[in-house]
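**Q** Sequence unavailable; structure follows:
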């Protein structure tokens, strides 16, 4: 497998200080995470644990169930639910029925396909609705209906989608709809990375905000390590996780790709064949500021595309163009990235897409720090 690096060689940042200005649009976001990796103060580091900024957790959590700013008290936790967890469904239905207090922030897990199939269209509907009051009202009604027949809707995707469609806002512009669909994918992927880092994928769960949120160490070949690899890979290339056997295949299908390594035309063809066979692609190597900036600018346009199928198509076209170029001479992914298209740069969601990619790269760099050898 020429040109592929073992999955244990996770992304490493070189000359950290030089990367503080990687993005002039989101400098604080980028700087905060890098400071946490390299300059974490004494007392915030425990057995290879890394502190996750609570602002980043809240940023990717949802406040859709909250009745609004009726209280000045800060939220003390983010609730974590699964629509395939009986206890979670009961709790959500109690909230919808007005019998339990709604959480200030919550996350719906999507690590497994059965959860993602339910949550993604629900998230798309939510991001499409710009009126927070109507969004909350619709979501509560949907959760109430779902709570009365979770098995029916959980096993009948068409009926679930039909139910959601009945709550859809009318006369939504096509561009607005596409951005909502793209944003939903990006947010659930970002949420999954956070949950995997904090070891909060099991449900029901919660992320306390009144104490430090620690990403703790993990052993190689553990289920959590596999979850970290899967959640930090390119979302449009990885396979759906349906069974326990799929989790066992994660490390066998994972590779880190060094964008600075030149490949000849045959190696590019092999990489393309591998990439579209259901895999976990993570960026790897010791990358400087300019390389990271190019990775971000190449990947961010994918995050503006409304479906993973269309993202795969874009990646496939990039491979085809790169293979043609590689017929003349070996070239690296960095050389093949090209210029960012103008439509992406002028998109109203460009800054958000850039921030999502930056989060993925920084969080990915944590994995090597958090990983320890397993015990016999």
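**A** Done, it's in. Computed from a predicted structure; not experimentally measured.

**Q** which is the next helix or strand following the helix or strand of the chain with the lowest mean pLDDT?
**A** Ranked by mean pLDDT, DSSP states H and E, the helix or strand of the chain with the weakest confidence is helix 27-38, at a mean of 38. Once the chain leaves helix 27-38, the next helix or strand it forms, by DSSP states H and E, is strand 50-52.

**Q** Name every strand pairing with that next one and say which way it goes.
**A** Its sheet considered, strand 50-52 pairs with strand 213-215 (antiparallel) by DSSP bridges.

**Q** Give me the distance between the strand it pairs with and the centre of its chain.
**A** 17 Å (C-alpha atoms, centre = their mean, to the nearest Å).

**Q** If I look at residue 48, what pLDDT would I see?
**A** For residue 48, the pLDDT comes out at 78.

**Q** Next up, the contacts around the residue of the chain positioned farthest from its centre.
**A** Using C-alpha atoms, centre = their mean, the residue of the chain lying farthest from its centre is residue 328. It sits 36.2 Å away. By C-beta atoms under 8 Å, 6 or more residues apart in numbering, the contact set of residue 328 is empty. (Each C-beta comes from the backbone N, C-alpha and C, glycine too.)

**Q** Can you show me the helices along the stretch 151-300 of the chain?
**A** Here the stretch 151-300 of the chain has its helices, by DSSP state H, counting those that start in this stretch, at 157-165, 174-197, 223-231, 244-248, 265-275, 289-299.

**Q** Which one, of those, ends up nearest to residue 78?
**A** Ranking those by their distance to residue 78 (criterion: C-beta to C-beta) puts helix 174-197 first, at 9.1 Å.

**Q** could you say what helices and strands that closest one packs with?
**A** Applying 3 or more C-beta pairs under 8 Å, 6 or more residues apart in numbering; DSSP states H and E, one finds that helix 174-197 makes contact with strand 50-52, strand 105-108, helix 113-128, helix 223-231, helix 350-370.

**Q** May I see the buried residues of the third one?
**A** By neighbour count, and taking 16 or more other C-beta atoms under 10 Å as the criterion, the buried residues in helix 113-128 are 114-128.

**Q** same question, the shortest one
**A** With burial defined by 16+ other C-beta under 10 Å, the residues of strand 50-52 counted as buried are 50-52.

**Q** cool, the last one as well?
**A** Along helix 350-370, these residues count as buried under the neighbour rule (16+ other C-beta under 10 Å): 350, 352-367, 369-370.

**Q** okay, the angle between that helix and helix 289-299?
**A** Orientation of helix 350-370 against helix 289-299 (axes from the mean of the first three to the mean of the last three C-alpha atoms, to 10 degrees) gives an angle of 120 degrees.

**Q** Now do stretch 109-128: distance to the chain's middle.
**A** Taking C-alpha atoms, centre = their mean, the mean C-alpha location of stretch 109-128 is offset from the chain mean by 12 Å.

**Q** contacting residues for the closest residue to residue 316 other than its chain neighbours?
**A** Sequence neighbours aside, residue 276 is the residue nearest to residue 316 in space, at 6.9 Å (criterion: C-beta to C-beta, 6 or more residues apart in numbering). With contacts defined as C-beta under 8 Å, 6+ apart, residue 276 is in contact with 237, 312, 316.

**Q** Counting neighbours, which of those comes out on top?
**A** Among the contacts of residue 276, residue 237 has the most neighbours (other C-beta atoms under 10 Å), with 19 neighbours.

**Q** Tell me the confidence at that residue?
**A** On the pLDDT scale, residue 237 gets 98.

**Q** Name the nearest residue to it, ignoring sequence neighbours.
**A** Distances taken as C-beta to C-beta, 6+ apart put residue 281 closest to residue 237, at 5.2 Å, once the chain neighbours are dropped.

**Q** Roughly how far does the one you found sit from residue 294?
**A** According to C-beta to C-beta, to the nearest Å, residue 281 and residue 294 sit 16 Å apart.

**Q** of these two, who's got more company?
**A** Taking neighbours as other C-beta under 10 Å, residue 281 and residue 294 compare with residue 281 leading, 22 against 19.

**Q** now the helix or strand hosting residue 141 against helix 157-165, angle please.
**A** Element membership for residue 141, per DSSP H and E: helix 132-148. Taking the same axes, to 10 degrees, helix 132-148 and helix 157-165 form an angle of 150 degrees between their directions.

**Q** What is the burial count for the closest residue in space to residue 364 that isn't next to it in sequence?
**A** With C-beta to C-beta, 6+ apart as the measure, residue 232 is the residue that lies nearest to residue 364, at 4.3 Å, once sequence neighbours are left out. By other C-beta under 10 Å, the residues close to residue 232 number 28.

**Q** ok, residue 232 touching residue 360?
**A** Yes: look at residue 232 against residue 360 with C-beta atoms under 8 Å: they come within range, at 6.3 Å.

**Q** what sits in contact with each of those two?
**A** Residues touching both residue 232 and residue 360 (C-beta under 8 Å, 6+ apart) are residue 193.

**Q** quick one: average pLDDT of stretch 257-271?
**A** 98.

**Q** again but with stretch 123-138, I slipped
**A** 96.

**Q** Neighbours of residue 290, how many?
**A** 12.

**Q** Ok, the one 3 residues further on next?
**A** Other residues near residue 293 come to 17 when the count uses other C-beta under 10 Å.

**Q** Any stretches of this protein with poor pLDDT?
**A** Applying pLDDT under 70 to the chain flags residues 1-47, 69-74, 375-376.

**Q** circling back to that earlier point, compare the helices and strands packed on helix 174-197 and give me the one nearest residue 188.
**A** helix 113-128 (6.1 Å).

**Q** Give me the helices and strands touching that closest one, please.
**A** If you count contacts as 3+ C-beta pairs under 8 Å, 6+ apart, helix 113-128 packs onto strand 105-108, helix 132-148, helix 150-154, helix 157-165, helix 174-197.

**Q** Throw these into JSON lines and include distance to residue 208 and mean neighbour count, thanks.
**A** JSON lines is the format used below for the helices and strands packed on helix 113-128 (distance: least, C-beta to C-beta, whole Å; neighbours: other C-beta atoms under 10 Å):
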{"stretch": "strand 105-108", "distance to residue 208": "12", "mean neighbour count": "23"}
{"stretch": "helix 132-148", "distance to residue 208": "24", "mean neighbour count": "17"}
{"stretch": "helix 150-154", "distance to residue 208": "28", "mean neighbour count": "16"}
{"stretch": "helix 157-165", "distance to residue 208": "31", "mean neighbour count": "14"}
{"stretch": "helix 174-197", "distance to residue 208": "14", "mean neighbour count": "21"}
